Every structure is written in structure tokens, then in C-alpha cells.
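Q: sequence unknown, structure follows:
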């Protein structure tokens with residue numbers, strides 16, 4: 001239950017590494033022997049991973065993507081340093097600003113499904129390493145707090161009034177996540193009052209709520225979309241927290257992507273300032289599977305499966321004409337997991353372009369050279385490109401690189417259309 005009452009700032013735990021950039025462990029290694037180091041996480045529009053280290057008078061800004069953009073939300077992360085280069089990046093907790101909260105025995109103790117296995121509870125000191133492959137004598141690196149039910153919790157089940165909201169774009173599995181939250185709270189923790197916020201963030205102050213029970217969500221996992229509705233933007237922190245306070249809500253479950261989690265961080269900060277006993281839990285909605293330590297983000301497997309249909313269709317058309325090229329653009333803003341896994345599953349793809357691996361067109365080893373070679377050998381080829389690949393190349397010929405959507409995410413340039421035109425001209 002501790003994972004339910006922590007204010008999860010999921011955006012900080014997302015990873016979209018580039019081979020040309022040092023790892024966080026490499027960067028932090030320089031600073032580990034310095035004193036009074038703390039970390040402030042910056043949730044920037046369109047940036048999957050960014051951090052700011054402060055040490056004494058020196059400030060070094062490490063950024064995985066692009067320069068700083070205005071309008072970010074700032075939220076503190078707890079960072080603990082240990083021996084041999086150990087770093088714990090912890091998430092804020094209710095006890096950070098309400099230190100005298102009473103604790104209660106976890107209701108799972110009396111649950112027949114779990115009471116016989118006392119080892120089910122997660123030890124508060126259990127951690128998960130960010131990197132599971134390290135070199136001998138290298139620093140221990142970054143660790144995260146392990147999620148899972150604790151033996152003691154900070155809410156009495158009878159006093160809990162929870163709400164669930166979905167924000168941003170659609171993703172396969174949204175209804176399944178809603179169903180599992182409701183059934184988990186109701187059946188495992190005995191929570192009786194759960195409401196759904198309709199229409200995204202603006203639903204807190206502009207829409208009605210709907211009651212959620214195991215009966216009402218029983219078969220929603222069979223439907224697409226989200227039964228709660230969704231929207232981009234509409235985030236007014238004061239109005240949202242006013243609504244949470246007026247409705248007597250004390251657990252908020254926010255399902256969404258980058259922009260949504262930036263909003264969740266702002267909600268947490270406002271709740272902290274007001275000293276409210278309200279837990280904010282962010283459930284990351286990313287079809288790109290780009291979250292550290294997690295094997296699969298919900299919706300990823302479906303995305304890879306559906307990508308097969310497009311790749312198969314492109315292959316059929318490409319091999320039907322002389323020198324045919326099938327070009328398939330797939331989702332993947334800062335990481336190429338969907339494109340890579342779909343390529344490996346298909347076996348019909350000749351070239352896969354992903355954001356983590358920069359490419360170029362002209363000259364030896366360039367894309368043009370490979371395309372010409374492949375067409376001479378096979379007479380056709382299939383190229384899969386993630387939407388975030390080659391953005392720097394596209395930007396050289398297209399202006400307005402910094403457009404944003406309503407959630408604050410940077411709008412990507414159309415690498416598929418650009419690459420298609422380049423290949424046609426070639």
C-alpha cells in the first residue's frame with residue numbers, strides 16, 4: 001500500500017538513453033565524493049529525462065535532449081548517497097511533510113489470498129538497481145525504491161475516498177488499468193468509495209464524477225479507449241486541488257504520459273503546501289516502453305502486434321513492384337522499442353531507424369548507400385522508422401522545431417514524409 005500513498009513522480013524514472021550521451025552513473029561518479037549534494041528534478045516539456053545537480057557553488061545542468069525550455073514544473077526528489085558510488089533516487093512521501101501520521105496494519109494481513117504468505121510484504125529497505133549489468137569495481141550506481149505492499153500503511157481503509165483520472169492520448173489497456181485499480185482497492189484493501197473523474201484534468205472542476213465499483217468496471221477491459229474519457233491540457237492546479245479538498249478525496253490516481261505526470265507533480269506540490277493528507281500516485285501511460293526497470297509498459301505489446309500488420313502490408317506492396325520501398329513510421333518519441341521489437345518479430349524489415357542511433361543520408365555508410373545496395377540485391381526493401389528518429393536531419397530543412405501540443409510535449413517533425421520525399425528524389 002505504500003506504493004499507493006507515495007507521490008510518484010514517474011517522469012523522473014523514465015529512460016531514453018542515447019549512445020552518444022554518458023549514463024547517469026558516469027555523470028554522477030564525478031560528484032560522489034563531494035559533500036552536500038542534492039538533486040532537483042526538472043519536468044520539462046518534451047524532455048523524457050533531465051536533471052540538475054547542485055554541489056556547493058557549482059551548478060551543472062545535464063540534459064538528455066535539447067536546451068532548457070520555459071514553463072516547467074519543479075519538484076524535489078530525495079537523493080541519498082552511500083558507499084561505493086551508491087545513489088538512491090527516492091520519491092516524495094506523505095511523511096515528508098506530515099511526519100506524525102499514524103500507521104495501520106495492512107488489510108492484506110487478513111486477506112485469505114495473502115495472509116498465509118507473510119513474505120509477501122515488501123521490506124521498506126528493498127531497492128531496485130537501475131542497471132543490472134555493471135563492470136567489476138564500478139560504482140554501485142542509481143537505485144529506486146521497490147514498489148509493493150508494505151506491512152504498515154498510512155490510511156485506514158474506512159477513511160479512504162479515492163479518485164481515478166485518465167489524461168492525454170489513448171493507449172491500449174487504459175480500461176484494464178482502471179479496472180485493476182478499482183478492484184485492487186475494493187477487494188484487497190477494503191476501500192468502498194472510489195470515483196472516476198471524467199474528461200481528464202479539467203474534469204476535476206468542469207465535469208461530473210461517476211462511482212466506480214468492481215461491478216461497474218467488471219468487463220471494461222474488453223473495450224478500447226477509456227470509460228472516463230480524456231483530454232489534453234485543462235490543468236489548473238488551484239482548481240484541481242480545491243476540488244480534491246472539497247470532495248474529501250485523499251487518494252488520487254493519475255494515469256497519463258509526460259505532460260500528465262508534470263501536472264501530477266504540480267498537484268503534489270500544491271497539496272504539500274496546503275498540508276493535506278492526500279496521496280498522489282502517477283501511473284505512467286507510455287506505449288513506447290521507455291520506463292526504467294519496468295519490463296513492459298501497458299499497451300506496448302499491443303502496439304508491436306498491430307505494427308506487424310502495417311509492416312506486412314508494406315512488404316507485400318514493396319515486393320510487387322521493381323525497386324519498391326515500403327516505409328513504415330511507428331510510434332517512438334525518444335525511444336525505438338516499438339520499431340525494434342516489430343522489426344525483430346517481422347523478419348521482413350531491411351532497415352530500422354530509431355532515435356537512440358543517429359543516422360545520415362549521404363556518403364559511405366549512409367542510408368542512401370545501403371538502400372541502393374539492398375535494391376540491387378533484392379529488388380525491394382522495407383524500412384521501419386520510429387517517429388523520433390532523425391529529427392535533427394529533418395529540422396535542417398523544416399522550420400518551427402519547437403511547436404507544442406496542449407500537454408506541453410514537443411511536436412515532432414514528420415520524419416516519415418521527409419524520408420519518403422528524400423528517397424523519391426534520390
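A: Good, I have the coordinates. Note that the structure is a prediction, hence the values are computed from the model and not measured.

Q: would you say residue 307 is within a strand?
A: No - in this structure, residue 307 is helix, not part of a strand, as judged by DSSP: H, G, I helix; E, B strand; the rest coil.

Q: As a check, name the ranges of all helices in this protein.
A: Assigned by DSSP state H, the helices in the chain fall at 2-5, 24-29, 174-183, 189, 203-206, 237-247, 258-274, 300-318, 337-346, 367-378, 391-395, 415-425.

Q: Let me see the mean pLDDT of the second one.
A: Right, the one you point to is helix 24-29. The pLDDT scores in helix 24-29 average 31.

Q: again with the third one
A: Throughout helix 174-183, pLDDT has a mean value of 96.

Q: So which elements touch that helix?
A: Contacts defined by 3 or more CB pairs under 8 Å, 6 or more residues apart in numbering; DSSP states H and E place helix 174-183 against strand 161-166, strand 193-197, strand 251-256. Every C-beta, even on glycine, is put in place using the N, C-alpha and C of the backbone.

Q: Check which helices and strands the first one is in contact with.
A: Just to be clear, that refers to strand 161-166. Partner elements for strand 161-166 (3+ CB pairs under 8 Å, 6+ apart): helix 174-183, strand 193-197, helix 237-247, strand 251-256.

Q: re earlier: out of the helices and strands packed on helix 174-183, flag the one nearest residue 140.
A: Residue 140 lies closest to strand 251-256 among these, at 31.8 Å (CB to CB).

Q: Just send the helices and strands packed on strand 161-166 back as a markdown table, with mean neighbour count and distance to residue 267 too.
A: What follows is the helices and strands packed on strand 161-166, written out as a markdown table (neighbours: other CB atoms under 10 Å; distance: least, CB to CB, whole Å):
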| stretch | mean neighbour count | distance to residue 267 |
| --- | --- | --- |
| helix 174-183 | 20 | 17 |
| strand 193-197 | 23 | 12 |
| helix 237-247 | 17 | 6 |
| strand 251-256 | 26 | 7 |
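
Q: Provide the partner residues of the residue nearest to residue 370 when sequence neighbours are not counted in its beta bridges.
A: Sequence neighbours aside, residue 351 is the residue nearest to residue 370 in space, at 6.4 Å (criterion: CB to CB, 6 or more residues apart in numbering). Going by DSSP bridges, residue 351 is paired in beta bridges with residue 383.

Q: One more: residue 329?
A: Note on residue 329: beta-bridge partners by DSSP bridges are residue 385.

Q: In contact with it, which residues are there?
A: 385-387, 414-416 (CB atoms under 8 Å, 6 or more residues apart in numbering).

Q: now do 6 Å
A: Residue 329 sits next to 385, 387, 416 when contact means CB atoms under 6 Å, 6 or more residues apart in numbering.

Q: where's the dip in pLDDT among those?
A: residue 416 (80).

Q: Could you list the low-confidence segments of the stretch 101-250 of the chain?
A: Where the stretch 101-250 of the chain drops to pLDDT under 70, the residues are 115-119.

Q: scratch that, the stretch 301-426 of the chain is what I was asking about
A: For the stretch 301-426 of the chain, the ranges with pLDDT under 70 are 397-410, 426.

Q: For the spatially most central residue of the chain, which residues count as its bridge partners?
A: In the chain, the C-alpha nearest the mean C-alpha coordinate belongs to residue 284, at 4.4 Å (CA atoms, centre = their mean). Beta-bridge partners recorded for residue 284 (DSSP bridges): residue 256.

Q: what sits against the closest residue to residue 243 other than its chain neighbours?
A: Once flanking residues are discounted, residue 243 sits nearest to residue 204: 4.2 Å by CB to CB, 6+ apart. Neighbour list for residue 204: 197, 240, 243 [criterion: CB under 6 Å, 6+ apart].

Q: For the closest residue in space to residue 223 that isn't next to it in sequence, give me its contacts.
A: The shortest distance from residue 223 to any non-neighbouring residue, by CB to CB, 6+ apart, is to residue 175 (5.6 Å). Applying CB under 6 Å, 6+ apart to residue 175 gives the contacts 220-221, 223, 227.

Q: any idea how far residue 184 is from residue 175?
A: Going from residue 175 to residue 184 by CB to CB, to the nearest Å gives 15 Å.

Q: From residue 103, how far off is residue 150?
A: Computed as CB to CB, the residue 150 to residue 103 distance reads 9 Å.

Q: That should have said residue 141, apologies.
A: Per CB to CB, residue 141 is found 31 Å from residue 103.

Q: Which of those two has more residues huddled nearby?
A: residue 141 (20 against 13; other CB atoms under 10 Å).

Q: is it true that the more buried one touches residue 128?
A: No - the pair residue 141 / residue 128 is not scored as a contact, 11.4 Å apart, by CB atoms under 6 Å.

Q: about what we covered before: now list the buried members of the contacts of residue 175.
A: For those, a burial check counting by 16 or more other CB atoms under 10 Å picks out 220, 227.

Q: Of the contacts of residue 175, which pair is most distant in space?
A: Longest span within the contacts of residue 175, CB to CB: 221 and 227, 10.3 Å.

Q: Contact partners for the spatially closest residue to residue 252 that is not a sequence neighbour?
A: Once flanking residues are discounted, residue 252 sits nearest to residue 280: 4.9 Å by CB to CB, 6+ apart. By CB under 6 Å, 6+ apart, the residues touching residue 280 are 7, 252, 264, 267-268.

Q: So for residue 280, what's the pLDDT?
A: Per-residue pLDDT puts residue 280 at 96.

Q: what's the spacing between it and residue 226?
A: Using CB to CB, we find residue 280 at a distance of 19 Å from residue 226.

Q: Ok, residue 381 next?
A: With distances defined as CB to CB, the gap from residue 381 to residue 226 amounts to 38 Å.

Q: same check, this time on residue 257
A: Per CB to CB, residue 257 is found 13 Å from residue 226.
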